[in-house]
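**Student:** Just the structure for this:
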Amino acid sequence: MSDSRDDRREKQTPFPTTFWTANLTELFERGAYYAMASFVVLYLGQLGLGKYWPSTLNSVLWTLVYFLPILSGTIADVVGFKRALLVAFVLLAIGYFLMGYPVWFGGQTLAPTISETVISGTGVVFPVILGIVFIGMGGSVIKPCISGTVQKTAAGRATLAFGIFYMVINIGSLFGRGVSYYVRTRLDLSYIFAVSTACSIVAFFTVLLLYRDPDTLPGAARIEKPRRSVGRILLDMVLVVRNARFALFLLVSSGFFFLYSQVYNVLPLYLKKVVETNPPVDIYTMANPFVIVFFQLLITKLFGKMKPIRSIIVGIVIIGVSMLINLVPIYLAGGVRMQVFDLLPIGSLFIVLTVALIAFGELFTSARTYEYIGALAPKGQEGLFLGYANLPMAIGALLGGPVGAAIFNEVMCRNAVKGANGLMELDPAWNTAGWVILMTIGLASALSMWLYNRWLRSSPSKT
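**Tutor:** Here you go, the predicted structure:
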């Protein structure tokens, strides 16, 4: 009887302060990132970097954030999470500051429209590239440190702990976008990076004053990890990529993340150059965290027992269809700029619906991908392979920027005519072709995933 009371008391024990400090830190870090994420391609375009470099640089940023944790996570294990986080937020604050530097101190002004060719010099290019590298390096450290803290302080309640963590990520996303909207509409677009810088500084002091390394806490779960050198990491990467089953999975699953990256590449460009002269992209993209916050539990309850591969395929199909719905405004009598209740153009409304559908696709796909990789990995190497689960995101992001820009500029905008208001009148046929290409990439990815799974089932597993 006393044992059961002890068990209940243990279950009711609150999470340690470090758990909540880590989540608060994550809230500010996500706030910093999403304060500027929706506008990077537009900001760089208005700085005079042309119609291709903004998307390419944005893809480099996302690739660094998703790829570098393979290295930075190991470094954080060696130096300790607190030190790693402090360095990371210094890098982030500097990186965000450098992104705004050309306007604040470099004498640059933001053009009202996106330039067609590169007209900026080294005074813009150098701080922007350096800023992207710093943000990528700093951002890559945060996730392994915070998720590692959540894991080590979960005390047998990992499902609840990571549920809170995932909720905080999306609250941070909403917070960053909301504050960014308030600031930029009262100052100018460059001040989204001031919001990001401020959030990074607040996160730095949160870690400095409140955070403790989870391994120093009494009673915390300690997971001993073998120390790995950079050389060992690179050898492990070769081992993982040489596994044909896993390498093929990386390719077929990257299609989802290629389309996901268009939320921050094609969609902002379409809004800015076709639908509205000054679109509130940060407000529109709030549809993503809103859907995840309000529908995560429902989707898990209704479809949680679905096989991982089916769930992944459903998610990819959803994200493909999310692109196709943008054909509707093209063929309405009023076109994409027809006002809906005098609130927003119908083209913008369908972009919001696209972002919401992408979030539903994410709910079906993201978590189940980790489950699928765990089952795909050779026995005894599950942890190693799961450490590379972000590679499809890195691949999709790396291709998403330049390819997305090419689809928008060379397909959607072919035969376009610029109006007096600076917006482009697109040829309906070519506009349709661009969205169909994006949809086809999604459906082809889903089909490839289905064929891959059939091949996997028919092939003997090798451990």
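
**Student:** how about the strands in the protein?
**Tutor:** 339-340, 344-345, 417-418, 424-425 (DSSP state E).

**Student:** Averaged pLDDT, stretch 199-212. What do you get?
**Tutor:** Throughout stretch 199-212, pLDDT has a mean value of 95.

**Student:** Need the CA coordinates for that stretch. PDB is fine.
**Tutor:** Extracted C-alpha coordinates of stretch 199-212, given in PDB (Å, rounded to 0.1, in the frame of the first residue of the first chain):
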ATOM      1  CA  CYS A 199      14.700  37.900 -27.800                       C
ATOM      2  CA  SER A 200      18.200  36.400 -28.100                       C
ATOM      3  CA  ILE A 201      19.600  38.700 -25.400                       C
ATOM      4  CA  VAL A 202      16.600  37.900 -23.100                       C
ATOM      5  CA  ALA A 203      17.300  34.200 -23.700                       C
ATOM      6  CA  PHE A 204      21.000  34.700 -22.900                       C
ATOM      7  CA  PHE A 205      20.200  36.200 -19.500                       C
ATOM      8  CA  THR A 206      17.600  33.600 -18.800                       C
ATOM      9  CA  VAL A 207      20.200  30.900 -19.300                       C
ATOM     10  CA  LEU A 208      22.900  32.800 -17.400                       C
ATOM     11  CA  LEU A 209      20.800  33.500 -14.300                       C
ATOM     12  CA  LEU A 210      18.300  30.600 -14.100                       C
ATOM     13  CA  TYR A 211      19.500  27.600 -16.100                       C
ATOM     14  CA  ARG A 212      21.400  24.800 -14.600                       C
END
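
**Student:** That stretch: how far from the chain's middle?
**Tutor:** Here the centre of stretch 199-212 is set off from its chain's centre by 23 Å, with C-alpha atoms, centre = their mean, to the nearest Å.

**Student:** Could you check that stretch and say which residues are buried?
**Tutor:** For stretch 199-212, the neighbour count (16 or more other C-beta atoms under 10 Å) marks 199-204, 206-207, 211-212 as buried. From N, CA and C alone the C-beta is placed, and that goes for glycine too.

**Student:** picking up where we left off before, please identify the deepest-packed of the strands of the chain.
**Tutor:** Ranked by mean neighbour count under mean count of other C-beta atoms under 10 Å, the strands of the chain are led by strand 344-345, which reaches a mean of 20.

**Student:** one step back: which of the buried residues of stretch 199-212 fall in helices?
**Tutor:** Counting by DSSP state H, these place 199-204, 206-207 in helices.

**Student:** hang on, the earlier thing: for the strands of the chain, give me JSON lines that also has mean pLDDT.
**Tutor:** Shown next, in JSON lines, are the strands of the chain (pLDDT from 0 to 100):
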{"stretch": "strand 339-340", "mean pLDDT": "92"}
{"stretch": "strand 344-345", "mean pLDDT": "94"}
{"stretch": "strand 417-418", "mean pLDDT": "91"}
{"stretch": "strand 424-425", "mean pLDDT": "92"}
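
**Student:** For Leu248, find the nearest of those.
**Tutor:** Closest of those to Leu248 is strand 424-425, at 39.5 Å (criterion: C-beta to C-beta).

**Student:** Strand partners (parallel or antiparallel) of that closest one?
**Tutor:** Partners of strand 424-425 in the sheet, by DSSP bridges, are strand 417-418 (antiparallel).

**Student:** Can you tell me which of the ones in helices among the buried residues of stretch 199-212 comes closest to Gly315?
**Tutor:** Distance ranking of these against Gly315, using C-beta to C-beta, places Cys199 first at 29.8 Å.

**Student:** Surely that closest one is in contact with Gly31?
**Tutor:** Yes. With contact defined as C-beta atoms under 8 Å, Cys199 reaches Gly31; the gap is 4.6 Å.

**Student:** who touches both of these two?
**Tutor:** Overlap between the contact sets of Cys199 and Gly31, as judged by C-beta atoms under 8 Å, 6 or more residues apart in numbering, is given by Gly176.

**Student:** Can you show me the helices along the stretch 301-450 of the chain?
**Tutor:** 308-324, 327-330, 346-376, 382-386, 391-406, 428-458 (DSSP state H, counting those that start in this stretch).

**Student:** Next, report how far stretch 98-110 is displaced from the centre of its chain.
**Tutor:** On C-alpha atoms, centre = their mean, the centre of stretch 98-110 falls 25 Å from that of its chain.

**Student:** Could I get the average pLDDT for that stretch?
**Tutor:** Stretch 98-110 carries an average pLDDT of 94.

**Student:** Now that stretch: buried residues?
**Tutor:** Per 16+ other C-beta under 10 Å, stretch 98-110 contains these buried residues: 98-103, 108, 110.

**Student:** swap in stretch 138-156?
**Tutor:** Result for stretch 138-156 [16+ other C-beta under 10 Å]: buried residues 138-150, 152-155.

**Student:** Equivalent analysis for stretch 325-334, please.
**Tutor:** Neighbour-count burial for stretch 325-334, counted by 16+ other C-beta under 10 Å, picks out 326, 329-330.

**Student:** same thing with stretch 304-314?
**Tutor:** 308-309, 311-314.

**Student:** Run through who's touching it.
**Tutor:** For stretch 304-314, the external contacting residues (C-beta under 8 Å, 6+ apart) are 253, 256, 303, 361, 364-365, 368-369, 371-372, 375, 446, 449-450, 453.

**Student:** before we move on, back to that, could the buried residues of stretch 199-212 go into TSV alongside distance to Phe19?
**Tutor:** Below are the buried residues of stretch 199-212 laid out as TSV (distance: C-beta to C-beta, whole Å):
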residue	distance to Phe19
Cys199	20
Ser200	21
Ile201	23
Val202	19
Ala203	16
Phe204	19
Thr206	13
Val207	14
Tyr211	10
Arg212	10
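
**Student:** And the residues you listed, which is closest to Leu57?
**Tutor:** Nearest member of these to Leu57, counting by C-beta to C-beta, is Ser200, at 19.6 Å.
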